[in-house]
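> any chance you can model this:
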Amino acid sequence: MHKIRYYMDTEGNDDNAYLRAIKYAQQLSEQNQEIKKVVLLVPTKQNVDWFERLYNQKFVKLLFHGYAIPGSSVIFKIETIKTYKDISTNSDIAITCGIDSEELGKFDDYYGLKIIIAIPWLKAGLKKWITRWNPINIQTQKTAFPTISEPSQIVRIALDELSENVNKSILHSLDWEKIKTYIRVLHKYESKIDANDIGSYLARVHSWKFNYTQEIEDLINRINTGKKFVGGRETELKKIYEGWKNEKDVV
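Sure thing, here's the model as predicted:
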């Protein structure tokens, strides 16, 4: 199954949001027999106040080992950002508890994680992840935005071409040279290149790993602010850009 993403439009100590997310995860697991476990993903072992208030300390201790919440046939298990590992044979739901976009982005790459229900501590901390994936708001059952912001057509052509010509699984030095060249071309000849839009497009459309999109966004932000980076061609950039323009005209 493709990864499905949800979020709760809340922040702070909203115990009702956690209770609702748990019940929603129960419903999703009942609808999908592949789901065997719901992970309550917390920053550290100490960040379990929500569950202690909903249940009790004794029950929370059981959740650290994996336990079926009353009324559910699926196992619920508390994991921290350090203990939760990707197991390809798994089909997990993760309720992320107060984890921001940067940390959540790493788990979003997990193959065994099929459904994410994100609950922010601060809304601003989850903004980038929400902007990137446009998840479904559990309260309204609508996506966060009517549409997702996309790069210009030429930028999309460049990113499509780039994705076909590098090893996205493990980027090597020659791949990074090509990436840096493409960034230089786009920065020089496109009126604006937005790092977030580009990183989001690479992740959504071409399944680039989170850490790679982060590095690419950092490079774009550097060049957008007048800073320099080492690598990539600095000659014949217009020729590359003209090739993308010609492809745009054909399309």
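> ok, residue 118 - contacts?
Residue 118 makes contact with 5, 6, 7, 8, 96, 99, 104, 126, 129, 130, 135, according to C-beta atoms under 8 Å, 6 or more residues apart in numbering. Where you see a C-beta, it was placed from the backbone N, CA and C, and this is true even at glycine.
> keep only those of these that are in strands.
5, 6, 7, 96 (DSSP state E).
> nearest to residue 147 among those residues?
Among the ones in strands among the contacts of residue 118, residue 5 lies closest to residue 147 (C-beta to C-beta), at 16.1 Å.
> that closest one touches residue 138, doesn't it?
No - in this structure residue 5 lies outside contact range of residue 138 using C-beta atoms under 8 Å: 10.8 Å.
> part of a helix, is residue 116?
No - under DSSP: H, G, I helix; E, B strand; the rest coil, residue 116 sits outside any helix and is assigned strand.
> show me the shaky parts of the stretch 1-150 of the chain.
1 (pLDDT under 70).
> mind listing the strands for it?
With strands called from DSSP state E, counting those that start in this stretch, the stretch 1-150 of the chain shows them at 4-7, 37-42, 67-68, 75-80, 92-97, 113-119, 136-137, 142-143.
> helices and strands around the second one, which ones?
Put plainly, it is strand 37-42. Packed against strand 37-42 by the contact rule (3 or more C-beta pairs under 8 Å, 6 or more residues apart in numbering; DSSP states H and E) you find helix 15-31, strand 75-80, strand 92-97.
> these: which one's closest to residue 176?
Comparing these by C-beta to C-beta, strand 92-97 comes nearest, at 30.5 Å.
> run through who's touching that closest one.
So strand 92-97 is contacted by 18, 21-22, 25, 28-29, 35-43, 47, 50, 84, 104, 107, 110, 112-119 (C-beta under 8 Å, 6+ apart).
> buried ones among those residues?
Buried by 16 or more other C-beta atoms under 10 Å: 18, 21-22, 25, 28-29, 35, 37-43, 47, 50, 84, 104, 107, 110, 112-119, out of these.
> domain boundaries for the chain, per the record?
4-143, 153-250 (automatic domain parsing).
> and those, which is most packed in?
domain 4-143 (a mean of 17; mean count of other C-beta atoms under 10 Å).
> off-centre distance for that one?
14 Å (C-alpha atoms, centre = their mean, to the nearest Å).
> nearest residue to residue 3 in space, please, no chain neighbours.
Distance criterion C-beta to C-beta, 6 or more residues apart in numbering; nearest residue to residue 3, sequence neighbours excluded, is residue 114 at 6.1 Å.
> over to residue 129?
residue 101 (4.0 Å).
> now do residue 77
The shortest distance from residue 77 to any non-neighbouring residue, by C-beta to C-beta, 6+ apart, is to residue 66 (4.1 Å).
> spatially speaking, which residue is in the middle of this structure?
Note on the chain: the residue nearest the mean C-alpha position is residue 105, at 3.9 Å, using C-alpha atoms, centre = their mean.
> what's the separation between the closest residue in space to that residue that isn't next to it in sequence and residue 223?
Spatial nearest neighbour of residue 105, excluding adjacent residues (C-beta to C-beta, 6+ apart): residue 210 at 3.9 Å. Relative to residue 223, residue 210 is positioned 21 Å away (C-beta to C-beta, to the nearest Å).
> hmm, back to that, okay but the residue nearest to residue 129 is in contact with residue 125, surely?
Yes - contact criterion C-beta under 8 Å: residue 101 and residue 125 qualify, at 6.6 Å.
> list the contacts for residue 127?
Residues near residue 127 by C-beta under 8 Å, 6+ apart: residue 101.
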